[in-house]
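Provided below are the primary sequence and the corresponding predicted coordinates.
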Amino acid sequence: MTLIYRNFTYMNNIRGGNMSENVHIVSINEQKIMKQTVILTILLSIIFVGINYYLHPNFDFSILRFLFGIVIFIFVSLLLVVINEILNLLGYRYRCKVKPESLSLSIHLEKGLIYSTTSEKIKNGQYQSVFFTSFMVTGVIPLAIAFSLGNYALLLASASFIAGGLANFIGMFKLRKFPDEVLVKDVPSEFNVYVYLNEKK
């Protein structure tokens, strides 16, 4: 999982080296995901702002309010990502039953990335459920709060976060081609997810 959510491109069986014909790789296309995230962010922002204006037609603009909105946007955007990654760690620990020492949280400021992962192999179905659960909590719930409050800064932060999540759904669906019981291992440093077809846990 990342600050700029990751997209996946399915690759054929990898043969030779340390990889066997029973191992598949789902790899990340960074340029594609960044483009998709930007486009979706713009579209969702326009849609959400329109809906919010319909729900709360009173709009007062001031420089102070604008600057305060920027602060809220930055703070909420970072907070959503951090909470999302913490939820992922909790999901790996209690949903996937991995050892605490296998968990890690990495931050790469130069790339604008933050991601959580486990060094253990986990079931494909569990891996996907962890992602979907954390996305619902940190994506949908804040959006509902933003609409209820009529807060544009919170709304735009939610739009940006959801856009990254939706772009990631495109790649996550690639994993649905594989059975829920097969093992997968997320290796963010390589921007790959390894799928082990003949291994069980």
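Received it, and whenever you're ready, just let me know what you need. If you're wondering where the values come from, they're calculated on a predicted model, not measured in any experiment.

C-alpha from now on. contacts and neighbour counts both.
Will do.

helices of the protein, start to end?
Residue ranges of the helices in the chain, as given by DSSP state H, are 30-55, 63-90, 124-135, 141-149, 152-175.

of those helices, which is nearest K185?
helix 124-135 (8.8 Å; Cα to Cα).

what sits up against the closest one?
Outside helix 124-135, the residues that touch it by Cα atoms under 8 Å, 6 or more residues apart in numbering are 84-85, 87-88, 91-92, 95-96, 162, 165, 172, 175, 178-184.

how about that helix: buried residues?
Of the residues in helix 124-135, those buried under the neighbour-count criterion (16 or more other Cα atoms under 10 Å) are 124-132, 134-135.

residue contacts, G69?
With contact set as Cα under 8 Å, 6+ apart, G69 has these partners: 152-153.

recalculate using a threshold of 10 Å.
Applying Cα atoms under 10 Å, 6 or more residues apart in numbering, we find G69 in contact with 63, 75, 151-154, 156.

so L105 touches I114, yeah?
Yes - between L105 and I114 a contact is recorded at 7.4 Å, counting by Cα atoms under 10 Å.

which of those two has more residues huddled nearby?
Neighbours per residue (other Cα atoms under 10 Å) separate L105 from I114, with I114 holding more: 20 against 15.

for the nearest residue to that one once chain neighbours are set aside, grab the count of nearby residues.
Nearest non-adjacent residue to I114, counting by Cα to Cα, 6 or more residues apart in numbering: I107, 4.4 Å away. When neighbours are defined as other Cα under 10 Å, I107 has 13 of them.

bridging residues for Y194?
Beta-bridge partners recorded for Y194 (DSSP bridges): I25, K185.

how far away is it from L166?
The gap separating Y194 from L166 is 22 Å, by Cα to Cα, to the nearest Å.

where does pLDDT dip in the protein?
For the chain, applying pLDDT under 70 flags the ranges 1-21, 109-112, 167, 170-171.

how about 90 then?
With pLDDT under 90 as the threshold, the chain has low-confidence stretches at 1-37, 57-66, 105-117, 131, 163-177, 186-193, 197-201.

quick one: residues contacting P100.
Contact analysis of P100 by Cα under 10 Å, 6+ apart lists 89-90, 92-94, 118.

of those residues, buried ones?
Using 16+ other Cα under 10 Å, the buried ones in the contacts of P100 are 89-90, 92-93, 118.

could you identify the most distant pair in the contacts of P100?
Farthest-apart pair in the contacts of P100 is Y94 and T118; separation 12.2 Å (Cα to Cα).

give me the common contacts of the two.
Listed as contacting both Y94 and T118 by Cα under 10 Å, 6+ apart are 88, 100.

so which of the helices of the chain is the most packed in?
Highest mean neighbour count among the helices of the chain (mean count of other Cα atoms under 10 Å): helix 152-175, with a mean of 22.

how far is that helix from where the chain is centred?
Taking Cα atoms, centre = their mean, to the nearest Å, the mean C-alpha location of helix 152-175 is offset from the chain mean by 7 Å.

what helices and strands are in contact with it?
For helix 152-175, the contact count by 3 or more Cα pairs under 10 Å, 6 or more residues apart in numbering; DSSP states H and E identifies strand 8-10, strand 23-28, helix 30-55, helix 63-90, helix 124-135, helix 141-149 as packing neighbours.
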